[in-house]
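Engineer: Got a predicted model here, sequence first, then my questions.
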Amino acid sequence: MTKYVFVTGGVVSSLGKGITAASLGRLLRSRGLRVVNQKLDPYINVDPGTMNPFQHGEVFVTDDGGETDLDLGHYERFTGEALRRGSNVTAGSIYLSVIQKERRGDYLGDTVQVIPHITNEIKSRIRKLGGEEIDVVITEVGGTVGDIESLPFLEAIRQFGNDVGRSEVQYVHVTLVPFIASSDELKTKPTQHSVAELRSHGIHPDVIVVRSDRAIDDNVRRKISLFCDVAPKAVIAAPDADDIYEVPLVLNRGGLDAVICERLGLTTGPADLSKWEEMVKKTRSATEKVSIGIVGKYVDLPDAYLSVVESLRHAAAALGRQLDLRWVPSEEMTGLLAASYLEGIDGIVVPGGFGSRGVEGKIAAIRYARENGVPFLGLCLGLQCAVIEIARAELGYADANSTEFDPTTSHPVIDLMESQHGVADMGGTMRLGRYPAKLDEGSKVRSLYGQEVVYERHRHRWEVNNRYRRDLESVGVRLSGLSPDDNLVEFIELIDHPFFVATQAHPEFQSRPDVPHPLFVGLVRAAIQRPAPSDAEIDVEQLTRE
Ligand code: GLN
C-alpha cells in the first residue's frame, strides 16, 4: 500500500523545502522504493503557465504538457523520474474544479465549503498519485505554516493522516535555526514557535529537518526534541551545503531516510548512493573553468532560467569543469554592443522567452556567435532568433522576423502554424509537452544524441515557416531534426561552424545531474575546445613570422 510523506516549512520561506523533498525522493529511490513527488501550491493561479517568470521563476513543463512550479524540476533532477501534471496542484486548480462541480450540480444543492469540499478535493489529488505501482508519495506544501493561503492544505493533510491511518503517514517539518552572532548561539525558539503553530492545526510533526548555516550540536538537537516533542533521532541536521546535489548525502548522513522508512514500516536495504556521491565529488573537484553566457531578459532573476542553468552545470561537471556563468542582459545589448558583452565568453546560450523585449539583443548575440565561431545553443525562442538572424544577414531579408514580434513583416520566417497552412491545426494554442523528432543521419545532433528518434518537451506557439526551408538550406543551414511527419522544424545547425545548434524544444527539462543532456554536453565540450582568443593571436603572429 502506498505511504505518504508530507513536507511543510516554517519560520521563513526559501528554506530549501523543495530541495529537501527532492532529496528525500532521491534517498527513497536509492533504497529501491518507487516514489513520486508532488507540490501543493497555495496561490490562486490555476497553473503557473501564465505567471511572470520575474516573480515566480521558470515554468517547468512535464511530459504530458503540464505547466508547473519549478520545484518539479528539482524533483525530476533529484529522483530521475519524469512527473506528470498531477504532481503540481495549486489552490486555484482546486477551487476551479470545486466550482465547476458546483455549477454542474454535482453537490446536489449542498452548501459548498472549505471543509469538506475544498479539503476533499485536495485529498483526492494527493490520493490520485498513490496506487499499486507507488510505494511513497512525497507531498510538499508550498508556503510557510501560518500563511492564510496554506490553511486548507494543512487541514487536508491533517485529515489525510486519519483517513489512511496515522502509521501510513509521516509529517516532516523543515525549519530554520538561526545563528545569533552577538550571543554566539544557535537559536531554537523560532522552530519551537513554528512547530507550535503546526500543532495548533492538529499536525504533530514526526521529523524536523533543521536548516542552519553551520553544524548543530547535541544540545540544540536535544532542545528541539524536548520542546517540539519529536525523538532526538528524528531531528535531522541540514546545514548549508556547497552544492544542492550534496543535500541528499547530508540528509542521509543525518538519518532522514532511515527514520522515515522505519516509521512507515518500509523494509529496504540502505540507500545506494555510490553513483550520486561520485557525481558530487566530480563536481566539487573541478577547478578549471568554462564560461557560458546566457543571453536573456530575466537575468536579474536567475530562477527564470533554472533548468537551463542546471543543465549547464550538469554538462560542465561531467566534463570536469566548473561552470563560470555569465548573465548577458539582452535588453541592453544592441548590435554593436554585442561584442563588448560577449568577448571572451567560451559559449553562448539563447534560452526561451515570450514577447519582443530583448529579442534584438538575442539576435545580435547570435550574429556574434555565428560570425566569430563561438559555440552557440538556441532553445525554443533561441532557435527562432537564429532563423531570423540568418534570414536577415545571409538571405538579405532585412525585415525578417517572427510574426510574434512583427505581424506585418514581409518575411515571416517564424509564424503560427495556422497561417502557414490555412488550417487551424495548432489552433494558435501552445504546443506543450513531449513530442518526437527524427534526426538527420550525419548531423551534429544525431551524433550527440546517438539516436534517430528523440523526445523533447515543448512550450511554444510559433514555428519555423516551412516556406523558407529551402532558402535557409541554401545558406548552409541544416534542418537536422524534423517532426515525424516532416511538417515541423525541430532542430537546426550550421554546417560551417564549430557548434551552432538550436532546437524548437526545451531540452533543459530533461537534463539530470547524473545524466547530463547531450546538447548541453555538446555545447560545453565545444566551448572547452574553443581556442582562447590569445592563443589565436599567437598563432597569427607565428604565421606572419614564418
Ligand atoms: N515565444 C515563442 C513562441 O511562442 C517561443 C516560446 C519559448 O521560447 N518557449 O513560439
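Structural biologist: Great, that's in hand. Numbers count the residues shown, from 1 in each chain.

Engineer: When you work out contacts or count neighbours from here on, use the C-alpha atoms and nothing else.
Structural biologist: Noted.

Engineer: what's the spacing between the residue lying closest to Asn487 once chain neighbours are set aside and Met417?
Structural biologist: Nearest residue to Asn487, sequence neighbours excluded (Cα to Cα, 6 or more residues apart in numbering): Asn466, at 7.8 Å. As for Asn466, its distance to Met417 is 9 Å (criterion: Cα to Cα, to the nearest Å).

Engineer: more neighbours, the two?
Structural biologist: Taking other Cα atoms under 10 Å, Asn466 and Met417 do not tie; Met417 has more neighbours (23 against 19).

Engineer: what's the pLDDT at the more buried one?
Structural biologist: Note on Met417: pLDDT of 78.

Engineer: Renumber starting at 47 from here on
Structural biologist: Understood, numbering begins at 47; the last thing we discussed is Met463.

Engineer: and the residue most central in space within the chain, what element?
Structural biologist: The centre of the chain sits closest to Gly119, judged by Cα atoms, centre = their mean, with a distance of 3.4 Å. Using DSSP states H and E, Gly119 falls within helix 117-125.

Engineer: Mind giving me the packing neighbours of that helix?
Structural biologist: In terms of contacts (3 or more Cα pairs under 8 Å, 6 or more residues apart in numbering; DSSP states H and E), helix 117-125 is packed against helix 63-75, strand 81-87.

Engineer: Need the residues that contact the following helix or strand past it.
Structural biologist: Beyond helix 117-125 on the C-terminal side, the first helix or strand identified by DSSP H and E is strand 134-136. The contact list for strand 134-136 (Cα atoms under 8 Å, 6 or more residues apart in numbering) reads 84-93, 114-115, 118, 171.

Engineer: what about the strands in the stretch 397-546 of the chain?
Structural biologist: 422-425, 447-448, 458-462, 477-485, 499-506, 508-510, 523-528, 535-540, 546-549 (DSSP state E, counting those that start in this stretch).

Engineer: What residues sit buried inside the longest one?
Structural biologist: Applying a neighbour-count criterion of 16 or more other Cα atoms under 10 Å, the buried positions in strand 477-485 are Arg477, Leu478, Gly479, Arg480, Tyr481, Ala483, Lys484, Leu485.

Engineer: Any chance of the strands of the stretch 397-546 of the chain in CSV with distance to Pro224 as columns?
Structural biologist: Output for the strands of the stretch 397-546 of the chain, formatted as CSV (distance: least, Cα to Cα, whole Å):
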stretch, distance to Pro224
strand 422-425, 40
strand 447-448, 51
strand 458-462, 52
strand 477-485, 41
strand 499-506, 40
strand 508-510, 48
strand 523-528, 52
strand 535-540, 49
strand 546-549, 45
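
Engineer: want to try CSV for those strands, with distance to the ligand as columns?
Structural biologist: Output for these, formatted as CSV (distance: least, Cα to the nearest ligand atom, whole Å):
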stretch, distance to the ligand
strand 422-425, 7
strand 447-448, 9
strand 458-462, 8
strand 477-485, 8
strand 499-506, 4
strand 508-510, 3
strand 523-528, 16
strand 535-540, 12
strand 546-549, 10
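
Engineer: what's the closest of those strands to Pro99?
Structural biologist: Of all those, it is strand 499-506 that lies closest to Pro99, at 14.2 Å by Cα to Cα.

Engineer: just how off-centre is that closest one within its chain?
Structural biologist: Relative to its chain's centre, strand 499-506 lies at 15 Å (Cα atoms, centre = their mean, to the nearest Å).

Engineer: again, but for stretch 306-324
Structural biologist: With Cα atoms, centre = their mean, you get 25 Å for stretch 306-324.

Engineer: I'd like the average pLDDT over that stretch.
Structural biologist: Stretch 306-324 comes out with an average pLDDT of 96.

Engineer: and if you look at stretch 69-89?
Structural biologist: Averaged over stretch 69-89, pLDDT sits at 97.

Engineer: which residues touch the residue of the stretch 347-496 of the chain found nearest the ligand?
Structural biologist: Nearest residue of the stretch 347-496 of the chain to the ligand: Gly398, at 3.1 Å (Cα to the nearest ligand atom). Contacts for Gly398 (Cα under 8 Å, 6+ apart) come out as Leu425, Cys426, Leu427, Gly428, His552.

Engineer: residues in contact with the second one?
Structural biologist: Each residue near Cys426 by Cα under 8 Å, 6+ apart is listed here: Pro397, Gly398, Gly399, His506, Ala548, Thr549, Gln550, Ala551, His552.

Engineer: Please state the backbone phi and psi of the third one?
Structural biologist: Just to be clear, that refers to Gly399. Backbone geometry at Gly399, expressed as degrees, to the nearest 10, gives phi 180, psi 170.

Engineer: okay but it is in contact with Gln430, surely?
Structural biologist: No: contact between Gly399 and Gln430 fails when scored by Cα atoms under 8 Å: they sit 10.3 Å apart.

Engineer: Who has more neighbours out of these two?
Structural biologist: The neighbour comparison of Gly399 against Gln430 (other Cα under 10 Å) goes to Gln430, with 25 against 21.

Engineer: so how many other residues sit close to Leu222?
Structural biologist: 25.

Engineer: and what of Ala68?
Structural biologist: Here the count is done by other Cα under 10 Å, and Ala68 has 28 residues near it.

Engineer: try Ser60
Structural biologist: Based on other Cα under 10 Å, the number of other residues close to Ser60 is 11.

Engineer: So it belongs to a helix, correct?
Structural biologist: No: using DSSP: H, G, I helix; E, B strand; the rest coil, the assignment for Ser60 is coil, not a helix.

Engineer: who are the neighbours in contact with the residue nearest to His360 when sequence neighbours are not counted?
Structural biologist: Leaving aside its chain neighbours, His360 sits nearest to Pro559 (4.9 Å; criterion: Cα to Cα, 6+ apart). Applying Cα under 8 Å, 6+ apart, we find Pro559 in contact with Arg123, Phe124, Tyr291, Met325, Glu356, Ser357, Arg359, His360.

Engineer: State the pLDDT value of Ile262.
Structural biologist: On pLDDT, Ile262 comes in at 91.
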